[in-house]
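K.L.:
here are the coordinates; sequence isn't available:
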């Protein structure tokens, strides 16, 4: 599994499209169970929207929600291994810049940061994209 992380409009999608033009792209939904097909390259984005939807459904406890996100990552990682597939996660970096004043936006930022950390430790490669330039972090 690979993680591509960077700010909004940093060039994450363009980079991944250039690397894997035949990949299947999937934007996460509220109750998403997408898995890669055997031998497939699957690009998964929309993590912030997935987190927001979970919060709107009443996920009050951050630890429980973080565990749910980690379980989702583990399912993707297991499917990747079992199906000889490749999964690429695209996650928006929200930890830079001004901290939002509203509690809901701060919570989203925190949860997204935990997702990025949890994804990074599971991924074989982690890439950071900024201004269309990329660097391998691990």
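P.N.:
Sure thing, it's come through. Since the model is a prediction, treat every value here as computed from it, not as a measurement.
K.L.:
Run through the chain and note the low-pLDDT ranges.
P.N.:
The model of the chain has pLDDT under 70 over residues 29-32.
K.L.:
Let me see the ranges of the strands in it.
P.N.:
Remark: strands assigned in the chain by DSSP state E are 2-6, 24-27, 41-45, 86-92, 125-130, 133-136.
K.L.:
Can you tell me which of those strands is nearest to residue 53?
P.N.:
Comparing the strands of the chain by their distance to residue 53 (C-beta to C-beta), the top pick is strand 24-27, with 11.8 Å. In short, each C-beta sits where N, CA and C put it, glycine included.
K.L.:
Give the pairing partners of that closest one; include direction for each.
P.N.:
strand 41-45 (parallel) (DSSP bridges).
K.L.:
In contact with the most centrally placed residue in the chain, which residues?
P.N.:
By C-alpha atoms, centre = their mean, the chain has its centre lying nearest to residue 91, at 3.8 Å. Each residue near residue 91 by C-beta atoms under 8 Å, 6 or more residues apart in numbering is listed here: 3-5, 45, 47, 112, 115-116, 119.
K.L.:
Turn those residues into JSON lines, including distance to residue 60 and neighbour count.
P.N.:
Below are the contacts of residue 91 laid out as JSON lines (distance: C-beta to C-beta, whole Å; neighbours: other C-beta atoms under 10 Å):
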{"residue": "3", "distance to residue 60": "27", "neighbour count": "25"}
{"residue": "4", "distance to residue 60": "30", "neighbour count": "24"}
{"residue": "5", "distance to residue 60": "27", "neighbour count": "25"}
{"residue": "45", "distance to residue 60": "26", "neighbour count": "20"}
{"residue": "47", "distance to residue 60": "20", "neighbour count": "22"}
{"residue": "112", "distance to residue 60": "17", "neighbour count": "22"}
{"residue": "115", "distance to residue 60": "17", "neighbour count": "26"}
{"residue": "116", "distance to residue 60": "22", "neighbour count": "19"}
{"residue": "119", "distance to residue 60": "23", "neighbour count": "23"}
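K.L.:
For the closest residue to residue 65 other than its chain neighbours, give its distance to residue 74.
P.N.:
Spatial nearest neighbour of residue 65, chain neighbours left out: residue 59 (4.5 Å); criterion: C-beta to C-beta, 6 or more residues apart in numbering. Distance, residue 59 to residue 74, using C-beta to C-beta, to the nearest Å: 18 Å.
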